[in-house]
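In: Make a model of this:
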Amino acid sequence: MQKTNRNIMLGLNKLIIRLFGTIVFLCCSQPIVAASADCEFSAFDKQLRPGAEQGQTAVKVAVYLLDIPEIDDADQSFLADVFLRFTWKDPRLVHTRATPCIVNLEEVWHPPLILLNQRKVEKQLKDDVQVFADGSVAYRQRYYGTFSLQADLRSFPFDQQELPISVVARLPAEEVVIIADPSIFGIADKLSVANWVIGKPISESGILQPTPSLPKLPRFDIHFPAQRNSDYYVWKIFIPMTLVIFMAWTVFWVSPQQPIRLSISATSMLTLIAFRLAVSGSLPPIPYLTKLDLFTIGSTAVVFAALIETVVTTALWDKEHLDSALRVNRWSRIVFPLAFIAFVGFMIGI
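Out: Residues are numbered from 1 along each chain as shown. Next up is the predicted model:
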């Protein structure tokens, strides 16, 4: 009973902490100001873009990455919690209030923005905008959900990926341009994702045109550099597989007349196959080999060659070619380690 009560209290404490964190975030990200009931703007057509006669409307994007809980290689996706702020200027919304007006997004002109690579993303804040006295408009939104990525896994598990968030405005590129707002462009000090180191974001403004017959759309790409921490794979896969190879080589120091040599070679081969099956589910079906694939294939080939050597020397011994069997064993003690070292050096160099 005491244990149950303790678990209930811990659950309540966690709930209170989460609620407190949400309140703090909302207070910090959206200052408390008076409602928009007394905000009066001159009559204008919200369907018309502000300053259309003066060229493109610049939309600035501020980015702050709150968290990346998960990166899924097999699914080619990542889960992100990101805060975005879009700002632009609309001279028709100039007012004399000392504090910004808060109005619904649909009550003013705004660029129709979409997250190009979103899979299942939810908005965490209301669709409200702040209108400042000089006509500047700020739309703040917190997005939480899954985004797709195109990962190049050739160097897996020593790879570096870029986690993208792409913003597109459904307006002609001649009318709107999306650029970075350097005032807020960073990430939280601590992220919950395991086995990855996430760097500061970099951005790039561009154009999206799916086909030549469609209009060009303004595009803004945010990339979060992600370096995989390979320690897990080194200790859990590479080192154990290397030890299995060393185990397979012990037959070179065992007399060819000992039947245990075949058992050692066969066991080593089956162990490597089990390792291969264990890691195959962590990657998507890709049309190329990763560094882990190369190491696994090379290790399998080395162990299989040791198995062949065992069969050959045993056959030579049975035919009473004793000197030849012992000579093959002695040479194998040198040739196999040198070949494996050369293979590892080749794999590291590519």
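In: can you pull the pLDDT of residue 255?
Out: Per-residue confidence (pLDDT) for residue 255: 86.
In: Quick one: classify it as helix, strand or coil.
Out: coil (DSSP: H, G, I helix; E, B strand; the rest coil).
In: ok, which stretches of the stretch 201-350 of the chain are strands?
Out: 202-208, 217-228 (DSSP state E, counting those that start in this stretch).
In: Not counting its own residues, what contacts the first one?
Out: So the one you mean is strand 202-208. 61, 63, 116, 168, 173, 177-180, 185, 216-223, 225 (CB atoms under 8 Å, 6 or more residues apart in numbering). For every residue, glycine as well, the C-beta is placed using N, CA and C.
In: Might you report the residue contacts of residue 195?
Out: With CB under 8 Å, 6+ apart, residue 195 has these contacts: 228-229, 232.
In: which among these end up buried?
Out: Applying 16 or more other CB atoms under 10 Å to the contacts of residue 195, the neighbour count classes residue 228 as buried.
In: which residues of this protein score low on pLDDT?
Out: Within the chain, the stretches with pLDDT under 70 are 1-38, 281-282.
In: can you list the domain ranges for it.
Out: Listed by automatic domain parsing, the domain ranges of the chain are 49-228, 231-349.
In: tell me the contacts of residue 171?
Out: Residue 171 neighbours (CB under 8 Å, 6+ apart): 49, 111-112, 217-218.
In: which two in those are spaced the farthest apart?
Out: 49 and 217 (14.5 Å; CB to CB).
In: Next up, the contacts around residue 142.
Out: 25, 29, 66, 81-84, 123-125.
In: Ranking by neighbours, what's the top pick from the residues you listed?
Out: residue 82 (23 neighbours; other CB atoms under 10 Å).
In: hang on, isn't that residue packed against residue 61?
Out: No - using CB atoms under 8 Å, residue 82 is not in contact with residue 61; the gap is 11.1 Å.
In: Now list the buried members of the contacts of residue 171.
Out: Buried among the contacts of residue 171 (16+ other CB under 10 Å): 49, 111, 217-218.
In: one step back: now, the contacts of residue 142 that are in strands?
Out: 66, 81-84, 123 (DSSP state E).
In: Using PDB, list the CA coordinates for stretch 234-249.
Out: Extracted in PDB, the C-alpha atoms of stretch 234-249 (Å, rounded to 0.1, in the frame of the first residue of the first chain):
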ATOM      1  CA  VAL A 234      31.600   0.100 -31.400                       C
ATOM      2  CA  TRP A 235      31.100  -1.600 -28.100                       C
ATOM      3  CA  LYS A 236      28.000  -3.600 -29.000                       C
ATOM      4  CA  ILE A 237      28.800  -4.800 -32.500                       C
ATOM      5  CA  PHE A 238      32.300  -4.000 -33.800                       C
ATOM      6  CA  ILE A 239      34.300  -5.200 -30.800                       C
ATOM      7  CA  PRO A 240      32.200  -8.400 -30.200                       C
ATOM      8  CA  MET A 241      32.400  -9.300 -33.900                       C
ATOM      9  CA  THR A 242      36.200  -8.800 -33.900                       C
ATOM     10  CA  LEU A 243      36.400 -11.100 -30.900                       C
ATOM     11  CA  VAL A 244      34.400 -13.700 -32.800                       C
ATOM     12  CA  ILE A 245      37.000 -13.400 -35.700                       C
ATOM     13  CA  PHE A 246      39.800 -13.900 -33.200                       C
ATOM     14  CA  MET A 247      38.000 -16.900 -31.800                       C
ATOM     15  CA  ALA A 248      37.800 -18.400 -35.400                       C
ATOM     16  CA  TRP A 249      41.600 -17.900 -35.700                       C
END
